[in-house]
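Asker: Provided below for reference: sequence and predicted model.
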Amino acid sequence: MQTKWIHCFVAALCTGAVACQNEPAPASTQTVTQSATPATAPGAKPVETPAGTATAPAPEAALPQLKEGDDAPMLTLTLQDGKTVPLSSLKGKQVVVYFYPKDDTPGCTVEAQGIRDQWEAFQKAGIQVFGVSMQDAASHNAFIEKHKLPFNLVVDADHAVTKGFGVPVNGGQYAARHTFLIGEDGKIKKVWREVNTKEHAKELLEAAGVSSAPAAEAPAKKAG
């Protein structure tokens with residue numbers, strides 16, 4: 001009798017052990033894979049991110065920083081007389097595109113007069129010159145007439161030319177004084193971001209490989 005009771009007790013222990021092995025793990029120990037970001041219902045506004053982490057609007061494109069050897073921007077220039085000149089049409093010639101703040105102001109006048117006074121040398125070398133500022137056609141025409149300028153001025157009302165060359169516009173209406181010399185191959189040959197208005201015409205001719213003035217002949221010595 002005692003032996004039978006012992007066998008029943010052992011069988012009960014084994015059955016309990018097997019049952020414990022087959023029991024599912026408690027809910028508190030299950031792995032949770034829920035996303036940290038709540039789902040957005042269809043048509044609902046997206047959840048805003050905390051202050052300081054919201055996506056900022058895309059910044060405006062930075063101005064290009066043209067350097068020697070870069071391709072010149074192939075823009076179309078609108079002149080004071082309404083005519084247009086695509087820069088691409090001038091390939092094979094050297095071209096000066098110079099930017100200045102304002103018509104008929106002291107520094108801008110000196111710079112323009114310097115080019116005027118060396119115009120014969122520019123013409124002989126076949127160098128095309130275009131001045132660019134923010135004033136309108138009437139202002140450009142008055143500037144040309146007053147100072148007898150022999151070259152064209154560009155009307156850049158939409159700032160397309162200044163932006164294309166990467167020239168800052170101060171106060172929204174005054175172009176920085178920068179100059180670009182474009183070579184015959186259509187590439188930037190020389191860049192001036194600081195300009196000496198009195199000497200600039202000579203600097204342009206020198207960079208283009210042209211003498212600004214013929215060398216004076218030394219007087220012949222008298223015999224004896």
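Answerer: Nice, I can see it.

Asker: now the strands: where do they sit in the protein?
Answerer: Shown for the chain, the strands assigned by DSSP state E span residues 76-78, 84-86, 95-99, 128-133, 152-155, 169-170, 174-175, 179-182, 188-192.

Asker: Among these, show me which one is buried the most.
Answerer: Of all those, strand 95-99 has the most neighbours on average by mean count of other Cβ atoms under 10 Å, namely a mean of 25. Using the backbone N, CA and C atoms, a C-beta is placed for each residue, glycine as well.

Asker: how far off strand 188-192 does that strand point, in degrees?
Answerer: 30 degrees (axes from the mean of the first three to the mean of the last three Cα atoms, to 10 degrees).

Asker: which stretch in the strands of the chain is the model least sure about?
Answerer: The weakest mean pLDDT among the strands of the chain belongs to strand 169-170, with a mean of 92.

Asker: Give me the contact list for that one.
Answerer: With contact meaning Cβ atoms under 8 Å, 6 or more residues apart in numbering, strand 169-170 is reached by 101, 134, 159, 162, 175-176.

Asker: for stretch 178-193, same thing?
Answerer: Residues contacting stretch 178-193 (Cβ under 8 Å, 6+ apart): 66-72, 74, 87-88, 90-99, 165, 167, 176, 195, 200, 203-204, 207-208.

Asker: which ones are touching Ala208?
Answerer: By Cβ under 8 Å, 6+ apart, the residues touching Ala208 are 94, 96, 125, 127, 181, 189.

Asker: Same question for Leu204.
Answerer: By Cβ under 8 Å, 6+ apart, the contact list for Leu204 reads 96, 115, 122, 127, 179, 181.

Asker: With Ser139 instead?
Answerer: Applying Cβ under 8 Å, 6+ apart, the residues near Ser139 are 103-104.

Asker: switch to 6 Å and redo it
Answerer: With contact taken as Cβ atoms under 6 Å, 6 or more residues apart in numbering, Ser139 is in contact with Asp103.

Asker: I'd like the distance between it and Trp119.
Answerer: 21 Å (Cβ to Cβ, to the nearest Å).

Asker: So, low pLDDT: which residues of this structure?
Answerer: For the chain, the stretches with pLDDT under 70 are 1-61, 213-224.

Asker: Let me see the ranges of the helices in it.
Answerer: 2-21, 106-117, 119-124, 137-147, 160-164, 200-207 (DSSP state H).

Asker: Can you mark which positions in the shortest one are buried?
Answerer: If I follow you right, that is helix 160-164. The neighbour-count check on helix 160-164 (16 or more other Cβ atoms under 10 Å) flags 161-164 as buried.
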